[in-house]
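J.: My questions concern the predicted model and sequence given below.
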Protein chains: 2
Amino acid sequence: MQPILKIDLSTGATEEYRIPKKWEQEYLGGASLAARLLYGALSPALDPLSPAAPLLILTGPLSGTSGPAVGRFVVCGKSPATGLWAESNAGGFWGPELRKAGYDGLWITGKAAGPVYLHLADGRLVVREAAHLWGQDTYQIQESIKTEIGQRGARVLGIGPAGENGILFAGLFCDHGRAAGRTGLGAVMGAKNLKAIAVQGHGKIPLADPEKFAGLRSAANRALKNDSMTSVLHDLGSAGAADYFDYLGEMPKKYFSAGVLEGSEKITGASVAETILVGKKACHACVIACGRVVDLGDGEKRKGPEYETLVGFGPNLGITDTHVITRLGELCDRYGVDIISMSGTIGLAFRLFELGVISRDDTGGLALTWGNAAAAEQLVRQTVRREGFGELLALGSRALGRHFGAEDEAVQVNGLEAAYHDPRGASGMALVYATSPRGACHNQSDYFLTEIGQADGSLGMAFYDRHAGAEKAANVARHQDWRTVDNALVLCLFANVPPGTVLGLINAACGLDWTVDDMLRSGERAWNLKRAINNRLGLTRANDKLPKAFLEPLPDGGAAGYVIPFDEMLSAYYTARGWDPETGRPTKDKLLALGLDDVAADLWE
Amino acid sequence: MQPILKIDLSTGATEEYRIPKKWEQEYLGGASLAARLLYGALSPALDPLSPAAPLLILTGPLSGTSGPAVGRFVVCGKSPATGLWAESNAGGFWGPELRKAGYDGLWITGKAAGPVYLHLADGRLVVREAAHLWGQDTYQIQESIKTEIGQRGARVLGIGPAGENGILFAGLFCDHGRAAGRTGLGAVMGAKNLKAIAVQGHGKIPLADPEKFAGLRSAANRALKNDSMTSVLHDLGSAGAADYFDYLGEMPKKYFSAGVLEGSEKITGASVAETILVGKKACHACVIACGRVVDLGDGEKRKGPEYETLVGFGPNLGITDTHVITRLGELCDRYGVDIISMSGTIGLAFRLFELGVISRDDTGGLALTWGNAAAAEQLVRQTVRREGFGELLALGSRALGRHFGAEDEAVQVNGLEAAYHDPRGASGMALVYATSPRGACHNQSDYFLTEIGQADGSLGMAFYDRHAGAEKAANVARHQDWRTVDNALVLCLFANVPPGTVLGLINAACGLDWTVDDMLRSGERAWNLKRAINNRLGLTRANDKLPKAFLEPLPDGGAAGYVIPFDEMLSAYYTARGWDPETGRPTKDKLLALGLDDVAADLWE
């Protein structure tokens, strides 16, 4: 791998950091390698918004190669929202450009004296003043910075007003609306007075065996193009199966309190495609092109809503108008907030209003009734600006609920709002949400797809009904390990590439001779390492829990009446993982078996 | 294989026919073997409704084994609708029961003096009087016959009033609504005065290597259960992807004249599942269970509509009410007519009414306006009874169009109405419809699924855009060969089982040592044999054509403006097939290469 560029914004000092070969091979790259690099730096006392907090941006061994679907990079650190391990990856073109600029990562610490942005071009770093850019949204900075540096081909990653204002679910955004949205790392970046990072380069992406890789990636791209999931994602976008999720009772409505909603059939990729779609957009070298380009009738080409946006600002709030949803999604992208956490926090506010916990007296006069899109828009604006009721929303749903004595109404785990895949419709997601290192997240394992048959046969996972219980715990763990590998590479989870193919690409890119088991073991190692980081930050078994809503049955819809046997599932999961049921830590034996000797010593001695 | 029971209904004579080993191995079973057995018997002079016409019902080497999805049997002969090769297969439980009764097929000729039905129990055949059953629908005979023979476990295959009345698209029906619907073989059965065939048995399904087979089929069933297409079919039925087809402009509306229709979003498996679905139904040993059970609010459990029913009696007629569509589908199942041909013929009548070619004077006062479900129901009843305007509809759409000087408005090929997959949305279907041995059929190749990525990787087919042209001709031919193998086995096309897995099952079931190429060659051989049968029945290259509607662009929807480059595609197809462009026959070289020496002599000497 290429070196990582360390930058101390307080002093301006830079340093080329070479990753130890052993770690490169054990963790591959991305979030896994980041966990290894940051393990020692993330202490309970560290304030994520302080200068000392690290912001580590990494690519992986497949990032920026020519496929399949490997244009991603990841941002890691300590989350200001959860106080735990933070990671969030994004697509687009920024990551590949960073590698072409000569570095596989940026490790940023310190805090600039005033607003700055970085410009890295072919190995040369310039820190530039950014006071005039402060306040610009994430779309505006694309134009402003490219114009200012005179390089249209540069790629810009930055924060919007949300990151500047320390909103706890602010993200980093590149291109137009490509987001590393989750866990609040945009606030970390803002706290460093860092507005953006422009990168540009002409170097070659390093590969151990370029010839072998070329053959494999061609075959992988062809197979991927041929795949039926790819077809649906290409034609209908990430919401291509939304009607199916709706049917399964897996698509949340009215903040997870309802199973059916009049008009929800309009919340599908097909409906978007038939009404407002005017184009498709791909990340770097991706044959899928799940990105949507839509026209709402004003002739302007906008980013179309993804599944999480469609549901989060749609049925979650009782809204079924795709025009309104598109606009709310764009507002979040421009302001630079995570759409899941923003819509989830607004969802809680709506729900508390319905329950009578809050009233117009609390909301500054807004009636938070289901379907009230104008109120939702007001809340987004107020949150980003920390105005009025928005001051509470800016802290996320856990804090919002706690403020009104209703923390258990908040649908979140450890401070991260749940994604829009209700585990009552696909029970494996219960374990995924409860045990993910970053809270109620669907990107550490998109097990909901496995539940509808999108299984990776070669992982040797048996198939269990979406309402099966503890018997699927080992499957979930295995799937998490597999997705941890993807998040190390950094390979898009939408790329339905068989494990054997991924293995071939890893071996050719990294000069390894791994088996599928070696690969999964690398995932398992990183999973346990992230767990240990969280254990050291105070996480115990008591944190592996679900919000109240998920433990109650839905009244109607495709999952009506089903109650998740969560306790048995979690016990089985601990067994499958080799975790200690008392403390919630990986056992010493497990850590030693994974070669995590230093971690075993830290946790158990 | 077990013997075939030959039955001459004119004399009552029966004979056990042993299939020559060579043919068994070259054709496997099902429709392929039937083509070989009937090749000599199907002459141009043969009237399909005469006593001399054969009705050959065959199973295949996988029929009735324990998976995956191999409960099917096929009915073959000469089609009264097309005058060409006829085949139509059905699922349910009848085929497996026939094999358990000791025979792998029934070869029926002659004509009984009066209405009869057959009862075959463990090798013993009884011909029973059926005058009292004449007029009963296909659901009623299930009950009547099981009661009469005192065997609830018997399986009954029979015809309804449509078959009795010689409707040219009457089918054979078993269980409840499991149909061998296409090509009018129900009329052939009716012309023999044969109302039904009840079978029952306790024998073992023969397998060359039962142990090897058991292991393979377990793995195949597990993999199939795990498959994402299976999940959708299980949860949402055969219309699970209808909204996607709608989006692609591949779902016909207003008899193929419109690309969009208000309310078409209700025509989906998800919509059915969310509104009327109360259960699911599987054929013999099938893990998919695509069959729907619905309740329309009257507490009765009915067969729910499949994709072709939903579209044929739905958007095809401008109808979007799933209750109405369900009832129309049930009516056809009970009467015993093929739903595609019935709804297609009604569609033509609606279209001619819109165009002003026909008026209320022709329809007996019915206003055939889009969405008029009551009129559609009237036409079904009139057709089956051959009353009024129904007398014309009973002959199918080609004859109906011809009667009014508008044959080119009929969306059919060689007399068979097109299935509801518009080739303008998926161009490979243009070749499929034009070259299928039985007319505009989607079951000799469901290439529309390949167009959206449901490819069989191991067949080595490149992926082409759904609007690509001649370059996909060789793919289509290869896919037809593959599906011909499936139709020989008889394996359900919904079972997304990889070719390599199917190969293993064939080898274990038949004691063969084939490669995938051997298997595809068997398909190619049967495809060419069926072509030769049709050539001998008068078919030339001039028959390989599309109806006018398919050659004109759609005005709107997901395929708007696209024009199929049909002539180039057909030429490329001929090249891929090794067919003579002058005569439309397989070349002598091709026939000899496939070991069809006798056919080569017949066609070319």
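T.: Looks like it arrived, so ask away.
J.: Could you double-check that residue A:451 lies in contact with residue A:424?
T.: No: using CB atoms under 8 Å, residue A:451 is not in contact with residue A:424; the gap is 11.8 Å. Quick note: C-beta positions are derived from backbone N, CA and C, even for glycine.
J.: ok so residue A:236 is a helix residue?
T.: Yes: Residue A:236 sits within a helix when classified using DSSP: H, G, I helix; E, B strand; the rest coil.
J.: and it, how many residues sit next to it?
T.: Per other CB atoms under 10 Å in any protein chain shown, the neighbour tally for residue A:236 reads 26.
J.: Which residue lies closest in space to it, excluding its sequence neighbours?
T.: Take residue A:236 and drop its neighbours on the chain: the residue closest to it by CB to CB, 6 or more residues apart in numbering or on different chains is residue A:269, 3.0 Å away.
J.: cool, residue A:1 as well?
T.: Here the residue nearest residue A:1, using CB to CB, 6+ apart, is residue A:104, at 4.9 Å.
J.: Quick check: the gap between the one you found and residue A:30.
T.: Going from residue A:104 to residue A:30 by CB to CB, to the nearest Å gives 10 Å.
J.: just residue A:277 next, same as before
T.: Distance from residue A:277 to residue A:30, by CB to CB: 31 Å.
J.: who has more neighbours, these two?
T.: residue A:30 (32 against 20).
J.: who's in contact with that one?
T.: A:58, A:59, A:60, A:63, A:73, A:74, A:89, A:487, A:488, A:489, A:490 (CB atoms under 8 Å, 6 or more residues apart in numbering or on different chains).
J.: For the fifth one, grab the count of nearby residues.
T.: A count of nearby residues for residue A:73, using other CB under 10 Å, gives 30.
J.: what's it in contact with, if anything?
T.: So residue A:73 contacts A:30, A:57-60, A:63, A:89-90, A:94-95, A:98, A:180, A:490 (CB under 8 Å, 6+ apart).
J.: What residues are bridge-paired with it?
T.: On the basis of DSSP bridges, residue A:73 is bridged to residue A:90.
J.: for the stretch 1-150 of chain A, what spans make up the helices?
T.: A:21-27, A:30-38, A:94-100, A:140-149 (DSSP state H, counting those that start in this stretch).
J.: Next: the stretch 201-350 of chain A.
T.: Going by DSSP H, counting those that start in this stretch, the stretch 201-350 of chain A shows helices at A:210-226, A:228-236, A:242-248, A:269-275, A:307-312, A:322-335, A:339-355.
J.: for the third one, packing partners?
T.: It stands for helix A:242-248. helix A:307-312, helix B:228-236, helix B:269-275 (3 or more CB pairs under 8 Å, 6 or more residues apart in numbering or on different chains; DSSP states H and E).
J.: how about CSV for those helices, with distance to residue B:563 and mean pLDDT added?
T.: Formatted as CSV, those follow (distance: least, CB to CB, whole Å; pLDDT from 0 to 100):
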stretch, distance to residue B:563, mean pLDDT
helix A:307-312, 34, 98
helix B:228-236, 30, 93
helix B:269-275, 31, 94
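J.: Give me the neighbour count for the residue of the stretch 301-450 of chain A found nearest chain B.
T.: For the stretch 301-450 of chain A, the residue closest to chain B is residue A:449, as judged by CB to the nearest CB, at 8.0 Å. Neighbourhood size, residue A:449 [other CB under 10 Å]: 22.
J.: need the contact list for it.
T.: residue B:228.
J.: Quick check: it vs residue A:419, distance?
T.: 12 Å.
J.: what distance separates stretch A:367-378 from the centre of its chain?
T.: Here the centre of stretch A:367-378 is set off from its chain's centre by 26 Å, with CA atoms, centre = their mean, to the nearest Å.
J.: My guess is residue A:56 contacts residue A:104. True?
T.: No: if you go by CB under 8 Å, residue A:56 and residue A:104 don't touch, sitting 11.3 Å apart.
J.: These two - which one has more neighbours?
T.: Ranked by neighbour count (other CB under 10 Å), residue A:56 and residue A:104 place residue A:104 first, with 28 against 25.
J.: Check the gap between that one and chain B for me.
T.: 33 Å (CB to the nearest CB, to the nearest Å).
J.: What of residue A:120?
T.: Taken as CB to the nearest CB, the span from residue A:120 to chain B is 38 Å.
J.: beta partners of that residue?
T.: Note on residue A:120: beta-bridge partners by DSSP bridges are residue A:125, residue A:199.
J.: Run a quick neighbour tally on it.
T.: 22.
J.: For it, list the residues it contacts.
T.: The contact partners of residue A:120, taken as CB under 8 Å, 6+ apart, are A:5, A:98, A:101, A:103, A:106, A:126, A:197, A:198, A:199, A:200, A:201.
J.: Could you find the lowest-pLDDT member of those?
T.: Of all the contacts of residue A:120, residue A:126 has the smallest pLDDT value, namely 93.
J.: Looks like residue A:227 contacts residue A:501 (just checking).
T.: No: using CB under 8 Å, residue A:227 is not in contact with residue A:501, being 11.1 Å away.
J.: Give me the more crowded residue out of these two.
T.: Using other CB under 10 Å, the more surrounded residue of residue A:227 and residue A:501 is residue A:227, with 25 against 18.
J.: which residues sit in contact with the more buried one?
T.: A:496, B:453.
J.: Now the residue nearest to the spatial centre of chain A: closest residue in space that isn't a chain neighbour?
T.: Nearest residue to the geometric centre of chain A (CA atoms, centre = their mean): residue A:88, 4.3 Å. Nearest non-adjacent residue to residue A:88, counting by CB to CB, 6+ apart: residue A:180, 4.0 Å away.
J.: Can you check the pLDDT for the one you found?
T.: 98.
J.: and what of the one 5 residues further on?
T.: With respect to pLDDT, residue A:185 has a value of 98.
J.: And residue A:456, by the same measure?
T.: 60.
J.: wait, isn't the residue nearest to residue A:88 in contact with residue A:76?
T.: No: at 9.7 Å, residue A:180 does not count as touching residue A:76 under the criterion of CB under 8 Å.
J.: Quick check: residues of the stretch 251-400 of chain A near chain B?
T.: A:260, A:265, A:266, A:268, A:269, A:270, A:271, A:273, A:274 (CB under 8 Å from any CB of the partner chain).
J.: Among those residues, which one lies nearest to residue A:570?
T.: The nearest member of these to residue A:570, counting by CB to CB, is residue A:260 at 29.2 Å.
J.: Please tell me how far the closest one sits from residue B:273.
T.: 12 Å.
J.: more crowded one of those two?
T.: Comparing residue A:260 with residue B:273 by other CB under 10 Å, the one with more neighbours is residue B:273, at 24 against 18.
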